[in-house]
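> Got a predicted structure plus its sequence, pasted below:
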Amino acid sequence: MLQQQRSIINALAVNEDGVMASGGDNGSLWLWDWRSGNAFQQQDSIVQPGSLDSEAGIYALAFDGSGSRLVSCEADKTIKMWREDEAATPHTHPVNFKPPKDIRRF
């Protein structure tokens, strides 16, 4: 499942709705459906002005008590809060999920 992210995974967080967030050393933030393994959203973190591009890593992730906001601690010494898009619909954010054929479950 996580091999799609193509970076070293530094942090994982899961909320009660089954959404898993993974943060990589290159600043990539992926949101996954915990049950199916579908990556439904990918975002790259923007480095703070004055920082090097190599300081884009995400070191820690946690969902707040409501499970709708995600807090990230990053290599450029910033703490960012991410929230869900309230206006998102299946038409604006389509999910084209095809399970990978090379994943085996034991």
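Cool, got the structure. What you see is a predicted model; the values in this text were computed from it and never measured.
> low pLDDT regions in the protein?
1-3, 93-106 (pLDDT under 70).
> And the strands in it?
9-14, 19-24, 28-33, 39-44, 58-63, 69-74, 79-83 (DSSP state E).
> and those strands as CSV, adding distance to residue 89 and mean neighbour count?
Every C-beta, even on glycine, is put in place using the N, C-alpha and C of the backbone. Putting the strands of the chain into CSV (distance: least, Cβ to Cβ, whole Å; neighbours: other Cβ atoms under 10 Å) gives the following:
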stretch, distance to residue 89, mean neighbour count
strand 9-14, 24, 16
strand 19-24, 17, 22
strand 28-33, 16, 20
strand 39-44, 13, 14
strand 58-63, 22, 17
strand 69-74, 20, 19
strand 79-83, 17, 12
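> Could you dump the ones you listed into JSON lines with distance to residue 91 added?
JSON lines is the format used below for the strands of the chain (distance: least, Cβ to Cβ, whole Å):
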{"stretch": "strand 9-14", "distance to residue 91": "27"}
{"stretch": "strand 19-24", "distance to residue 91": "20"}
{"stretch": "strand 28-33", "distance to residue 91": "18"}
{"stretch": "strand 39-44", "distance to residue 91": "14"}
{"stretch": "strand 58-63", "distance to residue 91": "26"}
{"stretch": "strand 69-74", "distance to residue 91": "24"}
{"stretch": "strand 79-83", "distance to residue 91": "21"}
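> Ok, which of the ones you listed comes nearest residue 50?
strand 69-74 (13.8 Å; Cβ to Cβ).
> what pairs with the closest one, and is each one parallel or antiparallel?
strand 58-63 (antiparallel), strand 79-83 (antiparallel) (DSSP bridges).
> Work out which residue lies at the spatial centre of this structure.
residue 30 (2.6 Å; Cα atoms, centre = their mean).
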